[in-house]
Every structure is written in C-alpha cells, then in structure tokens.
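[1] next comes the sequence, and after it the predicted model I'd like to discuss.
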Amino acid sequence: MTALGTLLSSVWFILPAYAANMTPVVAGGGRPIDGGRRFVDGRPLLGPGKTVRGFCWGLLAGFCVGLVQALLHPSLEPRLALLFEDPWETVLGGFLLSLGAMVGDTAGSFFKRRAGVERGEPFPLLDQLDFVAGALLFSLPLVLPRLTLGVLAVLFLLTPPLHLLTNYAGHRMGLKSRPY
Ligand code: CTP
Ligand code: MG
C-alpha cells in the first residue's frame, strides 16, 4: 500500500473515535460520571470534566459516523484498503471504536487524578492518545487481521498534532476555555 493509502485508510478507520472524542466538548455537562466521589487517595475519582451526557452523546455521535461509513463501504472498498471487512462489521466497529474512545478518555482522567493533575490541566500525550488507545483496544478483535504497523504509526503520530489543532480551533470558537 502507498503511504497516502495508509494515511487515508487509517483516518477513515479511526473517524468514529475522533467524532466520539470531540462531541462532549459541545454536548457534555451536567451530572459527572463519578457523582462527585473521591478515590482512596482523597482526590476526585474522575473529576467534573467527565459527564454522563458527554459520554452518551460521544458514543452516539461515533456510532452515527460508523453508520454513514457502513453505507459508503461498498463504494469505497475497491479504492481504499478498509480495515473493517463489510458494512455490518463497520457498524459494530463504529460502536466499539466510540465506546473504546469514551472509556479510554475516562480512564485517562482517572490516571490524571491519581497523578495529582487537576481537571483540565494538561498531561501531554495521555490527553491526546487515551481515546485512540481505548478505541484500538476495543476494536482489536475485529481489525487484528488487517491492522498494520503503518496504520498504528499514522494513528499515534497524527493524532496528537490533530488533537491539539482541533482543541485550539475549539478554543478560538469559544467552545473550550483552554487552547490545548
Ligand atoms: N466532557 C464531558 N463528558 C465526558 C468527556 C468530556 O462532558 N465524558 C466535556 C467536559 O466539558 C470537558 C470537555 O468535554 O471539560 C473536554 O474534555 P477533556 O479535555 O477530556 O476534559 P478535561 O476538562 O480536560 O478534564 P480532564 O483533566 O479530566 O481530562
Ligand atoms: Mg483535557
């Protein structure tokens, strides 16, 4: 596969996770997942930045992206090396990628709180990659036969700068209080 082909199929594959991760910024808020509870270390379990509404809307947004991808699967298949084999696998994959992204993002906050990092304070690389790692882990059973080192490299190298860029854009649009 050409480098451009790898880039395109990687981005297409991870799109539901990107959608899931971005949605809570605009759709989140309300009741925190941890209900305000603290861990044994006395720090917040997850913190108020992880809400039930954000999690659910993120999951739904990613799932919808997967549905659209499934509809487009037959026409894209001859042109692009798709990681999901057929439209049904794309639907299931979109769900698993989104769920994994939200779980990964939540787990990231758990680790940040354990490390004593306050809600919203930066934790380089964990902030940018927790959701991708979660998405990959959850979708691994489906994509393992077609996953290549090239795809992994694209996902882990491209996501941090892309994440910073979208966060900066979100900040400029007044959606995020912090530019990172
Ligand atoms: N968000 C949400 N529910 C989630 C995830 C995110 O409501 N499950 C919203 C919150 O408003 C959050 C914003 O999306 O502030 C950005 O998410 P993120 O950067 O992951 O959270 P932080 O505020 O940086 O908190 P943390 O330090 O725990 O990562
Ligand atoms: Mg953050």
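    Ah, there it is. Ligands and ions are numbered 1, 2, ... in the order given.

[2] how near is Ala20 to ligand 1?
    Computed as Cβ to the nearest ligand atom, to the nearest Å, the Ala20 to ligand 1 distance reads 10 Å. Heads up, the C-betas are built off the backbone N, CA and C, glycines and all.

[3] give me the element that residue is part of.
    Assigned by DSSP states H and E, Ala20 belongs to helix 3-27.

[4] does anything pack onto that helix? Which helices or strands?
    Using 3 or more Cβ pairs under 8 Å, 6 or more residues apart in numbering; DSSP states H and E as the contact definition, the elements that helix 3-27 packs against are helix 52-76, helix 87-114, helix 126-143, helix 149-172.

[5] for the protein, which residues are neighbours of ligand 1?
    Contact residues, the chain versus ligand 1 (Cβ under 6 Å from any ligand atom): 24-25, 28-29, 47, 49-51, 54-55, 105, 109, 112, 119-120.

[6] these: which two are farthest apart?
    Using Cβ to Cβ, these span at most 19.3 Å, a distance reached by Gly29 and Lys112.

[7] neighbour-wise, which of the two wins?
    Lys112 (24 against 13; other Cβ atoms under 10 Å).

[8] can you pull the contacts of that one?
    Neighbour list for Lys112: 47, 119, 121, 123, 126 [criterion: Cβ atoms under 8 Å, 6 or more residues apart in numbering].

[9] try it again at 6 Å.
    Phe123 (Cβ atoms under 6 Å, 6 or more residues apart in numbering).

[10] distance of it relative to Glu118?
    8 Å (Cβ to Cβ, to the nearest Å).

[11] then Leu80?
    42 Å.

[12] higher neighbour count, these two?
    Higher neighbour count among Leu80 and Glu118: Leu80, with 16 against 11, using other Cβ under 10 Å.

[13] doesn't the more buried one lie inside a strand?
    No: counting by DSSP: H, G, I helix; E, B strand; the rest coil, one finds Leu80 to be coil, located in no strand.

[14] got the phi and psi for it?
    The phi/psi pair for Leu80 (degrees, to the nearest 10) reads phi -130, psi 140.

[15] hmm, it is touching Ser10, no?
    No: contact criterion Cβ atoms under 6 Å: Leu80 and Ser10 do not qualify, at 10.4 Å.

[16] thank you, goodbye.
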